[in-house]
Every structure is written in C-alpha cells, then in structure tokens.
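Visitor: Next input, structure requested:
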Amino acid sequence: MDFVLRFDEKLRRRVMINVIDKIIEIDNKLKKDYVVRGINLWPISRTYLSILLRNDIEVNRKKDKKSYKEMIFKIYNFSISSVSNNPFFAKEKDIIYLSPFEANREIRDNKLYNIYYDELSLTYPERTLIVESGALMRKKRRYFSSTIPQEIITFSGRIKRRFLNFQRQEIEVVNEFVNNIGIILGINNKNDNDNIILDNFKKCILNTVKNLLCCRDNWKRWMKRISPKIIIYHNSSPQIINLWAHQLRIKTAQYQHGIISGLQPSYNYGDIFFEDKYKTYLPDYLIIRGDKWKQYTRIPSKKITIGYPYFSKKIKGIYDNKIENGKEEKNEKEVVLILSQWPIRKDFVRYAEYLANNLDYKQYDIIFKLHPKFQEKVKEYSSLFRYKNISIIKEGEIYDLINQSNYIISSYSTAIYEALPFKKPIFILKNDISEATIPFEIGYRFSKPNELLRLILNKKYKKANYDYNNYFDESWKTNYSQFLINEIGLNIN
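Guide: Below you'll find the predicted structure:
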C-alpha cells in the first residue's frame, strides 16, 4: 500500500497538535476489545489512524510500476539470499535488530553503513544479527556482515495472503470497531471527508491484519529458531512483533528515532496501554539517546538511556580534527546555514531570499540545504539560483555543514538537536509544531524575515553553549553494556 502527501501545510500544523489528543482520547474511552484471530485491532491500527487524521495520505493510490530490470535484480538477490543469507539457517543470536534498509545512509569501505545499529552491533558482533526490510534492492555489501533480508522471513506469507479471506463475523467485528472509533472522535458519517477517513481506516485494518496473519507463523518460527534474548526494533516495525516475542518470552525494545515529543503517538499512550493485555503490544524498553527525552513521553515501557553512537563518534572526529590542526578554521565570510524542511519548504525559500537581499554579500554567505524530498521540486526553489550569495546543497554531511557555519536556521528538525554540541547560535522558525517540540532552552525564535535578520546581525548571539549530553549521552558504550548485563541478563566478558 502506497501513500502520497496531500495536505495544506498551515492546516497540517494545527491538526498535528490535536491528533495526539484524539488518539489518547480513544485510548482512554475504548471499553471493548476488538479481536480478529488473536489480534487486537486497536494496538495494530493506532498509528495508521493518526496518519489518516492528519490527512497526510491517500490509501488507494496505484503503486508505481517497477522496471523490468528492478524486478529481475530483486528476484536475483532473493535467490542468492535464500541460499547465502537465509534467516532460517542463521545461528542463534542473543541480540536482534530490526531495521529498515533506508537506515544505510553512509558508505564505509565501499559498504553500506547503518547509522542507527551498526556501531552498537559492532560492540558485540558475534552475538548480534541485523534483519533489514527492503534490503533486496541493495547493490553493495553491508558494513556489518551479519545482516539478513527480512523479505525471506515473510515471503511464503505473501503467497498465503492470496488465499486468505475473512469470515463474515470477522468483517462485522472490524465494522463495529471502526464505527466505535468514529463515535469517539465525533466523525461518524457526518460528511464525505469523515466517510473517507473511516473507509480508509477500515481498509488499512483489513490489509494489516491479513499481512500479519500470513506472516505470523514464519516470524514466530524464526524467533524460536534464533532464540534471541532481546529484539530491538526501529519505530517503523509493526507493534505486533512485541506480542509475538512476548508469547515466546523474548524481551523487546524500541530504539529512539529522531525527535521524541508529546505529539508522537508512538511515544505517548493513554491509560488502556498500562493494562497487561495491551501492554504486551508495547516494548519492554524504550531506548533513548539522552535522559532529557524521558520527560517527553508517556509509555509503560522502561526508559533506558544509551546514547546515539553514530552521532557521538562523528562529533568526536570533528573535535579531534580541530585539535590536530591546532585551531579552528575561520571562514572569510560568515556562513548562514538554512536547513529546509519538507512541510514548510516554501517558508524557507522566502526567508533565504530575504536574507540574500538584506545581508551584505561581501560579509555573508548563505547555504541552503535541501531536504531529500525537496530536491525533485526544482521549480519551488529555482528562484534561489539567481542569488550569487546562496549555495544550494543537495547532498553532503550535515555535521560538516553545521561545523563550517556560523548560524543555524531551522524549525523543528532533528538537526536542531544535533547542532547543540557545535555551540553555534540556532534560530528557530516559530510555529505550532516547533513550539510543541523544541524546548525554549534551545535556540532563539523568529516568526518574520526581519526578526531573523536582526538576530543574525545582533552579535550577542554569536556564540551559544548548550548541555547536549542531556540529549545525546556520550557514554553509550558503557550504557549499552550495562543494559545487556543488568536488564537482559547477558554474560558479557
């Protein structure tokens, strides 16, 4: 099922604030359990509903056609992996990571490097296995060699899916559940838009349950075969993994991805999820990057601070390089770095144009870093090409860009937090989401172009000092070992 963005940006920012309240309201008001073949519908459909309520997606969009070469390549990779990397032939491992292929965001030694899990996996490589979804299209070898494709676990389930049909009573359970959700939200068949939301929600549930039922036996058989002590997963993995693992007495943990805030349903739950029958759909642990994130989540899982190894090693490398060179290199001009964001991309183009027109080009350069989704929308930022003092950057290491800049401009990007150790002034575009996700102790707010200009020209903001260790604990290696020993019970030498 493919989704496509289709929303008005200002409306989206207002709606996002309300969505989490609606989801928590359902958590607290849903009095009946709706179960289809052992699967409780609310825990596995909660995230889908939050997306639908934000009006972010269309459900029935036709899938993009894969090229003939892509299909052949995928079949070839599947055939090779079935023999060389078959998950069911893997040896027993204590630690399993479930990761999307997209986490391979760096090339090291001409191999794909997973920025979330490779560093942790390399700490105890003989006891660790990474399972990646979407990995059949990879054209390079993995940096962490003990990595296998998830598709082989779920392949036979996809075949079964064609022959699985729901009984009439099961469809009635789904209908009753969807209608009850509509009543709690107050959107039950009031208008066409309400009908679209509820119809799409029902389709999401039926598709999801069908996929899970077809893959359940394979997943559980594989878990039994590998016999891990802990499964650590990315937040894109289905919540049902927790249930299946718990049924086999395997502990689970969710690894922090990006920012944690009170707006995210995956980090915030109502009272019903603190009951045992719902708690089993949640991880035993929420692994966070620093102690500060604990205050932005409400979840029954135990919160464990480990850190963000990839980020910590990157920062250390930059600082070591400065020490080796003896002093920090200074730019001939002051550099203003604008980190554009996809939902509010047009706002950042407007601010870049204003700065280019009002900052002395002999004293200031502007770097406009494109969000990956923004790169294809050339018409939307083409006006920037006429400015000699604006450099448009598509690729490049974000930490190097932050390091070489004097000022950082963004709104609610993860990069705001990642800029903290560089001690550069951070200017934050004020809107509903940034107010709800970025603490006031970080950065300086602006809401108009002339306010941003004054902040840049005001030299008292030239330096900043943030306690970034609260957000990214540098003692990740010690924390990780202590977690495995004290919580998971592993005997680590």
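
Visitor: how would you label R249: helix, strand or coil?
Guide: Classification of R249 using DSSP: H, G, I helix; E, B strand; the rest coil returns coil.

Visitor: State the distance from it to L384.
Guide: 56 Å (C-beta to C-beta, to the nearest Å). In short, each C-beta sits where N, CA and C put it, glycine included.

Visitor: of the two, who's got more company?
Guide: Higher neighbour count among R249 and L384: L384, with 19 against 7, using other C-beta atoms under 10 Å.

Visitor: Helix, strand, or coil at the more buried one?
Guide: Put simply, L384 is helix when judged by three-state DSSP.

Visitor: In this structure it contacts F368, no?
Guide: Yes: judged on C-beta atoms under 8 Å, L384 makes contact with F368 at a distance of 6.0 Å.

Visitor: residues shared between the contacts of those two?
Guide: Residues touching both L384 and F368 (C-beta atoms under 8 Å, 6 or more residues apart in numbering): A352, I390, I392.

Visitor: which residues does the second one contact?
Guide: Residues counted as contacts of I390 (C-beta under 8 Å, 6+ apart) are A352, A356, I366, I367, F368, L384.

Visitor: shaky segments in the protein?
Guide: 1-17, 55-88, 135-138, 188-194, 236-237, 323-329, 374-376, 460-463, 493 (pLDDT under 70).

Visitor: so where's the longest helix in it?
Guide: Secondary structure of the chain per DSSP state H: the longest helix is helix 192-226.

Visitor: Could you tell me how many residues sit around N491?
Guide: A count of nearby residues for N491, using other C-beta under 10 Å, gives 7.

Visitor: mind checking the SS state of it?
Guide: coil.

Visitor: Which residue comes closest to it once chain neighbours are left out?
Guide: Distance criterion C-beta to C-beta, 6 or more residues apart in numbering; nearest residue to N491, sequence neighbours excluded, is I485 at 7.8 Å.

Visitor: how many other residues sit next to that neighbour?
Guide: Quick note: I485 (other C-beta under 10 Å) scores 12 neighbours.

Visitor: Make JSON lines out of the contacts of I390 and add secondary structure and distance to E106.
Guide: Conversion of those to JSON lines gives the following (DSSP: H, G, I helix; E, B strand; the rest coil; distance: C-beta to C-beta, whole Å):
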{"residue": "A352", "secondary structure": "helix", "distance to E106": "27"}
{"residue": "A356", "secondary structure": "helix", "distance to E106": "32"}
{"residue": "I366", "secondary structure": "strand", "distance to E106": "26"}
{"residue": "I367", "secondary structure": "strand", "distance to E106": "21"}
{"residue": "F368", "secondary structure": "strand", "distance to E106": "23"}
{"residue": "L384", "secondary structure": "helix", "distance to E106": "27"}
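
Visitor: hey, where'd the helices end up in the stretch 251-400 of the chain?
Guide: For the stretch 251-400 of the chain, the helices defined by DSSP state H, counting those that start in this stretch cover 276-279, 309-325, 345-358, 378-381, 398-404.

Visitor: Run through the neighbouring helices and strands of the fourth one.
Guide: I take that to be helix 378-381. helix 345-358 (3 or more C-beta pairs under 8 Å, 6 or more residues apart in numbering; DSSP states H and E).

Visitor: Need the residues that contact the helix it packs on.
Guide: 9, 336, 338, 340-341, 364, 366, 368, 371, 374, 377, 380-381, 383-384, 387, 389-390, 409, 411, 429, 449-450, 452-453, 456.

Visitor: circling back to that earlier point, now, which of the contacts of I390 sits nearest L243?
Guide: F368 (45.2 Å; C-beta to C-beta).

Visitor: Surely that closest one touches I392?
Guide: Yes: applying C-beta under 8 Å as the test, F368 and I392 come out as touching, 5.1 Å apart.

Visitor: quick one, which of those two is more surrounded?
Guide: Using other C-beta under 10 Å as the criterion, F368 and I392 rank with F368 on top: 24 against 18.

Visitor: Just say helix, strand or coil for I232.
Guide: Strictly by three-state DSSP, I232 counts as strand.

Visitor: circling back: distance check, the residue nearest to N491 against T478.
Guide: Distance, I485 to T478, using C-beta to C-beta: 11 Å.

Visitor: In contact with the residue of the chain most remote from its centre, which residues are there?
Guide: Distance from the centre of the chain peaks at K362, with 39.6 Å (C-alpha atoms, centre = their mean). Neighbour list for K362: K333 [criterion: C-beta under 8 Å, 6+ apart].
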